[in-house]
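1. Show me how the following folds:
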Amino acid sequence: MQDSSLVAEAIRGTLVRMPLAQSYADEQRDLQPHVQRALEESLQGSFPGADLRTVISVGGTGKPNLRLLGTRFWPDVEISDSTKPIAAIEVKLIRSEHPASKAIAEAIGQSIIYSIRYPRVFTFVVHYGRSDD
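-> Sure thing, here's the model as predicted:
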């Protein structure tokens with residue numbers, strides 16, 4: 001069993017420093033698997049031999065979910081130590097053809113919901129559009 005605060009710090013560091021592609025055609029098909037690979041590589045290097053699992057919400061089975069008010073929410077990425085949840089990550093790709101404010105508000109809202117179950121929650125936003133102060 002790994003110290004969850006050390007794992008969370010490794011997750012944060014990976015998300016901050018991971019190289020991104022010039023663009024992603026699709027959040028679920030392209031960006032989420034990229035985040036998963038970067039996290040798996042980083043965590044395996046930082047905690048060799050640990051039973052840390054990284055599961056994304058697309059494809060496969062055993063997807064983590066949370067029920068609230070009759071609705072299911074799936075974190076885009078879940079990191080667990082064996083079966084104990086350590087962190088949830090909401091991944092959001094902001095598209096220039098959609099309002100950024102709606103996507104960001106949705107990501108923050110989902111992250112708050114995930115905090116019901118997960119001791120640590122990260123919101124990872126990728127935006128290639130214009131920026132301002």
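
2. use CA for all of it now, contacts and neighbours both
-> OK.

3. residues in contact with Ala38?
-> Counting by CA atoms under 8 Å, 6 or more residues apart in numbering, Ala38 touches Thr14, Met18.

4. In the host helix or strand of it, which residues are buried?
-> In this structure, Ala38 sits in helix 32-46 according to DSSP states H and E. For helix 32-46, the buried set under the neighbour-count rule, 16 or more other CA atoms under 10 Å, comprises Gln32, Pro33, His34, Val35, Gln36, Ala38, Leu39, Glu40, Ser42, Leu43.

5. for the helix or strand following that helix, packing partners?
-> Next helix or strand after helix 32-46 toward the C-terminus (DSSP H and E): strand 52-56. When contacts are defined as 3 or more CA pairs under 8 Å, 6 or more residues apart in numbering; DSSP states H and E, strand 52-56 sits against helix 32-46, strand 77-81.

6. Could you check what's spatially nearest to Gln126, not counting adjacent residues?
-> You called it Gln, but residue 126 is Val. Nearest non-adjacent residue to Val126, counting by CA to CA, 6 or more residues apart in numbering: Leu93, 4.9 Å away.

7. Tell me the neighbouring strands of the host helix or strand of the one you found, and mark each as parallel or antiparallel.
-> Element membership of Leu93 [criterion: DSSP H and E] is strand 84-94. Take DSSP bridges as the rule and strand 84-94 pairs in its sheet with strand 77-81 (antiparallel), strand 120-127 (parallel).

8. Only the C-alpha atoms, please, for that strand, written as CSV.
-> Only the C-alpha atoms of strand 84-94 are listed here, as CSV (Å, rounded to 0.1, in the frame of the first residue of the first chain):
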residue,chain,number,x,y,z
LYS,A,84,-8.7,1.5,-2.6
PRO,A,85,-9.5,4.6,-4.6
ILE,A,86,-6.8,7.3,-4.5
ALA,A,87,-7.8,9.9,-7.0
ALA,A,88,-10.3,10.8,-9.7
ILE,A,89,-9.4,12.9,-12.7
GLU,A,90,-11.9,14.8,-14.8
VAL,A,91,-10.3,15.4,-18.3
LYS,A,92,-11.8,18.2,-20.4
LEU,A,93,-10.9,19.1,-23.9
ILE,A,94,-12.1,22.6,-24.7
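
9. Thank you kindly, that will do.
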